[in-house]
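Asker: I'll drop the sequence and a predicted model, then ask my questions.
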Amino acid sequence: MNLLIAEDSHGDRMILATLLRRLGHQVYEASDGLEAVAMFVKLEPDIVLMDALMPTMSGMDAARRIKALAGTRFVPVIFITSLASEREQARCLEAGGDDFLLKPYSRVILEAKISAYSRMLNLHRSVMQQRDQIRTQNEQMLSEQRLARRVFDNVAHTGCLDASNIRYHASPLSIFNGDVLFAAERPGGGTLIFMGDFTGHGLPAAIGAMPVAEVFYGMAAKGFGAADLLTEINQKLRNILPVGMFCCGALFEADGKQGSIRVWNGGLPDGWLVRANGERVAIPSMHLPLGVQPPERFDVTMELFPAATGDYVVLMTDGFPESCDAQGERFGEDSVRQVLEGLDAGDHPFDALMARLQAFTGHPDPADDMTLCCLEVGIGGGVTDVAESTPESALSGSGSWHCVYEVRDRALADFNPLPLLLHICMEVPGLRRKSGDVYTILSELYSNALEHGVLKLSSEWKKTAEGFSLYYEERMRRLSDTQGHYVRFTLDHEPRVEAGRLRIRCEDSGQGFERQENTMGARAASVHEYAGRGMGILKRLAKEVSICGSGNCIEIVYDWEFPAQGATSQ
């Protein structure tokens, strides 16, 4: 090693230097403290042997300067001294000394001390190398996470999370703590919200979140329902995730037109339906997490609740009830229940829960591994048009076409044809801007044909909360016997000057709703009722609505126009 000796006595310095050189070390010599500091800066020795009492600058002052100059580098300073008092030795240690070497020198003790500090230096260098390696790896990991976040944000945008009826809290980097939250409006109206909590943290959680986001937003935009989304997400995660990794998740679908909420909870804490009338309904986990079961065993059964304006749906990941105070006590699901049961008229569940959690933890900002979402249900009468941004160059020349599509027998219970039919219509560039209208028309026609034509259900049942539950129970029962029945769509499109006309004909194998009172009345029902709005929506959207034959066939004429030149799509 490189050793620096600072000793004002020429004889003592020569003896010590000779002993160290015979042990195989490179030795440098300084005659006072000031010279020792200058040589330390120039030579960067491994160990400094320092006389405590020297002229110009004492050994204690020199030791303080050397330790300051060394910074995080470990440089042992061994004091050479004949001072025997404990007080003087303590002063040397306080000045930055690490050990003592008493005069006269003992060759055995000197060799042992140098060997011991050599081992300590090697250990310190190894630790510093590992520290530098960890720092480099951490910087690389953070860079990769920032890159992954940018890519993820391009796939998993906020959707409709910024809507006025949605309140939520999520960490800015929630994807890396395993929590995800997505929201989307379906083309024909209604809101889909997915909340997930992946096992693990960091990039492994992001790997699972990416395909879930792509499936959720892609399928929601095409009109797929919650059951289809859950089936696809479960199969996707099971295919890509290793054993032991899965996603606890919940998906709820709020349908304003039907006045209903469907919820699937697989592994998250209890969700809550907070009704405007003061009722509180828990929505417990009834399923295994996503990515665990094979497709043939996966259960997509969703709990169905009637909903009214002013109701709230509350979902949270386990980070919320598991948040701790300064003493390590958990907030707990009982506290969540107490907050919701103690709400007064006009209180928002989101504000009440966040305020109680902040008071409990004593921190204004909740923990990063916690997500909370609250949707306020609104039963609106209007239909939101979901416009798709289309380049102006594509808005030209759409040809004539004719399509017949029929769903029959068991497929009526197992298959949803609406996304496929919407996709066919969206091949006309101008219709892409009217995807909300088109999906709503197709949805109303199909639900009417299936539920009232084929299954012979009456909308009158849905006018009360009790009848609402009975309606959907009877719907599931009758779907088990659809043999010999069908629903047939006939679509015709023809171009017109700066516009086009889409003609949709929907026919079913039923007896015709004219023989069933109030099955699909032409009146527009009150927003507080559970049914009866279908025909009103169709008449508001379409140019013509015609009832054919015995009432088991409805024909819609929908006209659209290209946007005016220079108009911008919002």
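Answerer: Cool, got the structure.
Asker: CA atoms for contacts and neighbours, from now on please.
Answerer: Fine.
Asker: who's in contact with Asn413?
Answerer: Check again: residue 413 is Ala, not Asn. The contact partners of Ala413, by CA atoms under 8 Å, 6 or more residues apart in numbering, come to 479-480, 482.
Asker: report the mean confidence score over stretch 499-514.
Answerer: The average pLDDT within stretch 499-514 is 84.
Asker: show me the shaky parts of the stretch 451-570 of the chain.
Answerer: 513-533, 563-570 (pLDDT under 70).
Asker: in it, which spans are helices?
Answerer: Taking DSSP state H, counting those that start in this stretch to define them, one finds helices in the stretch 451-570 of the chain at 465-478, 534-541.
Asker: rewinding a little: neighbour-wise, which of the contacts of Ala413 leads?
Answerer: Leu479 (19 neighbours; other CA atoms under 10 Å).
Asker: from the middle of its chain, how far away would stretch 404-423 be?
Answerer: On the basis of CA atoms, centre = their mean, to the nearest Å, stretch 404-423 sits 32 Å off its chain's mean C-alpha point.
Asker: got the end-to-end distance for that stretch?
Answerer: Its first and final residues considered, stretch 404-423 spans 14 Å by CA to CA, to the nearest Å.
Asker: so that it lines up with my notes, have the first residue be 441 from now on.
Answerer: Okay, residue one is now 441; in that scheme the one you just asked about reads as stretch 844-863.
Asker: residue ranges with poor pLDDT in this protein?
Answerer: Regions of the chain meeting the criterion pLDDT under 70 cover residues 523-524, 589, 592-598, 612-616, 641-646, 696-697, 804-808, 819-838, 953-973, 1003-1010.
Asker: closest to the centroid, which residue in it?
Answerer: Geometric centre of the chain, nearest residue: Val620, 1.6 Å, by CA atoms, centre = their mean.
Asker: need the longest helix for this structure.
Answerer: In the chain, taking DSSP state H as the definition, the longest helix is helix 547-595.
Asker: and after it, which helix or strand comes next?
Answerer: Scanning forward in sequence from helix 547-595, with DSSP states H and E defining helices and strands, the next element found is strand 606-609.
Asker: what strand or helix carries the residue nearest to Ser920 when sequence neighbours are not counted?
Answerer: Once flanking residues are discounted, Ser920 sits nearest to Ala853: 7.1 Å by CA to CA, 6 or more residues apart in numbering. Using DSSP H and E, the element containing Ala853 is helix 851-854.
Asker: identify the residues contacting the residue nearest to the centre of the chain.
Answerer: Val620 neighbours (CA under 8 Å, 6+ apart): 614, 634-637, 649.
Asker: in its sheet, what does the helix or strand encompassing it sit against?
Answerer: Secondary structure assignment for Val620, by DSSP H and E: strand 619-625. Strand 619-625 sits in its sheet next to strand 631-638 (antiparallel), going by DSSP bridges.
Asker: what separates the partner strand from the chain centre, distance-wise?
Answerer: Counting by CA atoms, centre = their mean, strand 631-638 comes out at 8 Å from the chain centroid.
Asker: with stretch 931-940 instead?
Answerer: Distance of stretch 931-940 from its chain centroid, counting by CA atoms, centre = their mean, is 42 Å.
Asker: quick one: residues in contact with it.
Answerer: By CA under 8 Å, 6+ apart, the surrounding residues in contact with stretch 931-940 are 837-844, 870, 941-945, 999-1002.
Asker: would you mark the buried spots in it?
Answerer: Within stretch 931-940, the residues scored as buried using 16 or more other CA atoms under 10 Å are 931-933, 935, 939-940.
Asker: now, the most widely separated pair of the residues you listed?
Answerer: Using CA to CA, the buried residues of stretch 931-940 reach their maximum pairwise distance at Leu931 and Ala939, which is 16.8 Å.
Asker: just want the phi and psi numbers for Gly618.
Answerer: Backbone torsions of Gly618, given as degrees, to the nearest 10, read phi 100, psi -10.
Asker: and for the residue nearest to it when sequence neighbours are not counted, the neighbour number?
Answerer: Closest residue to Gly618 apart from its sequence neighbours, by CA to CA, 6+ apart: Phe638 at 4.6 Å. Under the neighbour criterion other CA under 10 Å, Phe638 is assigned a count of 24.
Asker: which residues does the helix or strand where Leu443 lies contact?
Answerer: Element membership for Leu443 (DSSP H and E) is strand 442-446. For strand 442-446, the external contacting residues (CA under 8 Å, 6+ apart) are 453, 457, 465-473, 476, 480, 485-491, 499.
Asker: neighbouring strands - and their directions - for that strand?
Answerer: Counting by DSSP bridges, the strands paired with strand 442-446 are strand 466-470 (parallel), strand 487-491 (parallel).
Asker: now do the same end-to-end measure for stretch 537-556.
Answerer: End-to-end span of stretch 537-556 (CA to CA): 16 Å.
Asker: what does it contact?
Answerer: For stretch 537-556, contacts defined as CA under 8 Å, 6+ apart pick out 456, 459, 463, 503, 516-522, 533.
Asker: buried stuff in it?
Answerer: Going by 16+ other CA under 10 Å, stretch 537-556 has these buried residues: 537, 539-541, 550, 554.
Asker: so how far is it off the chain centroid?
Answerer: The answer for stretch 537-556 is 61 Å, by CA atoms, centre = their mean.
Asker: residue contacts, Arg943?
Answerer: Arg943 neighbours (CA under 8 Å, 6+ apart): 931-933, 995-998.
Asker: looking at the residues you listed, which are in strands?
Answerer: Residues of the contacts of Arg943 located in strands (DSSP state E): 931-933, 995-998.
Asker: how many residues are close by Arg737?
Answerer: By other CA under 10 Å, neighbour count at Arg737 equals 8.
Asker: okay, it and Leu730: tell me how far apart.
Answerer: Distance, Arg737 to Leu730, using CA to CA: 12 Å.
Asker: can you check Pro495 too?
Answerer: Distance, Pro495 to Leu730, using CA to CA: 77 Å.
Asker: give me the more crowded residue out of those two.
Answerer: Neighbours were tallied for Pro495 and for Leu730 using other CA under 10 Å; the higher tally belongs to Leu730 (28 against 12).
Asker: quickly list what the more buried one is bridged to.
Answerer: Residues in a beta bridge with Leu730, per DSSP bridges, are Cys687.
Asker: before we move on, the earlier item: could you flag which of the contacts of stretch 931-940 are buried?
Answerer: Applying 16+ other CA under 10 Å to these flags 838, 870, 941-945, 999-1002 as buried.
Asker: with these in mind, which one is nearest to Phe692?
Answerer: Set against Phe692, the nearest of these by CA to CA is Ile944 (30.5 Å).
Asker: correct me if wrong: the closest one contacts Glu995.
Answerer: Yes - in this structure, Ile944 is within contact of Glu995 by CA atoms under 8 Å, at 5.7 Å.
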